[in-house]
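**Q** Mind folding the following:
(2 chains)
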Amino acid sequence: MSVCTLWRSSIVKKWLVAITGLVMVGFLLGHMAGNLQMFLGRGPSPEATKINEYAAFLKANPALLWGTRIVLLFSVLLHIVTTISLTRQNRKARPESYALRASVASNLASRTMIFGGLTLLFYIIYHLLHFTLGCVHQELFTYPDVYQTVLSSFQIPLISGVYIVAQIALYFHLVHGISSAGETLGVSHPRYRECLNRIGIATATLICGGFISIPVGVLTGLIS
Amino acid sequence: MKIHLKVWRQSGPNQKGRLEDLEVKDVSPDSSFLEMLDVVNEGLEERGKEPIVFDHDCREGICGACSLNINGVPHGPDRQTTTCQLHMRSFKDGDTIVVEPFRARAFPVIKDLMVDRSAFDRIIQAGGYVSVSTGGVPDANGLPVAKDDADEAFENAACIGCGACVATCKNASASLFVSAKLSHLRLLPQGKVEAKTRVLNMTQQMEEEGFGACTNTGDCEAVCPKGIAMKNISSMNVDLIKSLLQS
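**A** Numbering: from 1, shown residues only, chains lettered A, B, ... in the order given. Purely as a prediction, here's the structure:
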């Protein structure tokens, strides 16, 4: 079975999308939990601040840091390439659209995955330039004092707003993505599907709620 | 009843089509949707105009010949009902009804509302059968089948291959149809023998016919006139991956 033959199967591609998507969900859970350390506040010095200690710990473990980054980069790229390929196939499958089309069971989240995904791609690029590389908002980048960078960034309402909007896009992407991944990978019984939908909503709420709590915490002065 | 129809008219496969407005008076609420179209066609013919071409056969909801996207939904607003079993009492007096053909690259329009669904036949030819050496009639209960399996196989055998799943899917995916046929045969002892090659061949043919991929939106299950469940698609995905790993 050659790679080309496998690539021609939309079901194989769906599996790749589902597995890489779940890898990213796993990462997001860890990333969100790490970020919540912002709520532990500032220590007596930048070095003794919890989230800065965490950042230093990651930096001191290159195998962990780069291992995660490589797996993640591979997953993101594969997820994007496969979904774009599938979307092109899907667009081609209906060259003439209906004058009137009603959706019976599908919802906005499930119909807009590609747009949500592309929005998130631009957001991730901005996010990396902001917090990881310090290329945008250079004046706010105070690495290794991560706490200060996050604090002074989210004190600007526009930046907080962009992050919150991105999280809402992420929420819709995850609500359908998680349950859809489960269905693609074989969770088939209607009873488990119901359960899967709930897991999707709960996980998406946990991840996005956790991330949003930080800019909200900064803007309300809970984190200072 | 008085109905305002907006019907897709297209003179041939490669012609440009358009929605035509038709006023239909004195529609009986007890007539089926197809009977209403019959009356419209009689009127058109009396006036020397081309009747509207549409697919139909048994008119009792079991053959899968009738189609039509009615007000944006394949087979119209009633759940688990084919167009031939849809009655005009499901609409209100003075309603505007938009009637379009099933739309997919794999279902090219032949004329007006009639589409070519032979892509489904080719998928069946690729593996949707059981090869048997003919001989004497087997003994009853010679091949025991578990009740749950028999029931599930039967539920999927109810698929009439109308193509509503493709028509409603935002990706024009045939996953529900193909997976129903696979489950129907896979669950029975006679069909198990060829299960591995069947899933490979039928899904390959599905791709070659130009259908889209499933994104689990659930519209197919909701419009299926026979209530075929989406869980078959999950089973098909797993079976295909297993077959690929073993081949």
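**Q** buried set for the longest helix seen in chain B?
**A** In terms of residue count, the longest helix belonging to chain B (DSSP state H) is helix B:231-246. Residues of helix B:231-246 classed as buried by neighbour count (16 or more other Cβ atoms under 10 Å in any protein chain shown): B:231-241, B:243-244. Backbone N, C-alpha and C define where each C-beta goes, glycine included.
**Q** How about stretch A:177-187?
**A** For stretch A:177-187, the neighbour count (16+ other Cβ under 10 Å) marks A:G177, A:I178, A:S179, A:S180, A:A181, A:G182, A:E183, A:T184, A:L185, A:G186, A:V187 as buried.
**Q** can you check stretch A:111-123 too?
**A** A:R111, A:M113, A:I114, A:G116, A:G117, A:T119, A:L120, A:Y123.
**Q** residue boundaries of the helices in chain A?
**A** Under DSSP H, chain A gives helices at A:3-8, A:10-35, A:50-60, A:62-92, A:108-111, A:113-127, A:146-154, A:157-184, A:190-219.
**Q** meant to ask about chain B, not that
**A** Counting by DSSP H, the segments of chain B that form helices are B:33-46, B:118-125, B:147-157, B:164-168, B:175-186, B:189-192, B:195-208, B:219-223, B:231-246.
**Q** packing partners for the longest one?
**A** Translated: helix B:231-246. helix A:10-35, helix A:157-184, helix B:175-186, helix B:195-208 (3 or more Cβ pairs under 8 Å, 6 or more residues apart in numbering or on different chains; DSSP states H and E).
**Q** Identify, out of those helices, the most deeply packed stretch.
**A** helix B:175-186 (a mean of 27; mean count of other Cβ atoms under 10 Å in any protein chain shown).
**Q** From the chain's centroid, how far away is it?
**A** Taking the mean of its C-alpha atoms, helix B:175-186 sits 13 Å from the chain's own mean (Cα atoms, centre = their mean, to the nearest Å).
**Q** How many residues are close by residue 88?
**A** No chain specified, so I'll use chain A. 11 (other Cβ atoms under 10 Å in any protein chain shown).
**Q** look at chain B instead
**A** By other Cβ under 10 Å, neighbour count at B:M88 equals 21.
**Q** now it: how far from B:G94?
**A** With distances taken as Cβ to Cβ, to the nearest Å, B:M88 is found 12 Å from B:G94.
**Q** State the pLDDT value of A:G134.
**A** Predicted confidence (pLDDT) for A:G134: 89.
**Q** need the contact list for it.
**A** A:F141, A:Y143, A:T149 (Cβ atoms under 8 Å, 6 or more residues apart in numbering or on different chains).
**Q** Could I get the CA-only coordinates of the helix-or-strand element of chain A with minimal mean pLDDT as PDB?
**A** In chain A, no helix or strand scores lower on mean pLDDT, DSSP states H and E than helix A:3-8, which sits at a mean of 84. Coordinates of the C-alpha atoms in helix A:3-8 are reproduced here as PDB (Å, rounded to 0.1, in the frame of the first residue of the first chain):
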ATOM      1  CA  VAL A   3       1.600   6.500   0.400                       C
ATOM      2  CA  CYS A   4      -0.100   7.900  -2.700                       C
ATOM      3  CA  THR A   5      -2.800   5.300  -2.600                       C
ATOM      4  CA  LEU A   6      -3.400   6.000   1.100                       C
ATOM      5  CA  TRP A   7      -3.500   9.800   0.400                       C
ATOM      6  CA  ARG A   8      -6.300   9.200  -2.200                       C
END
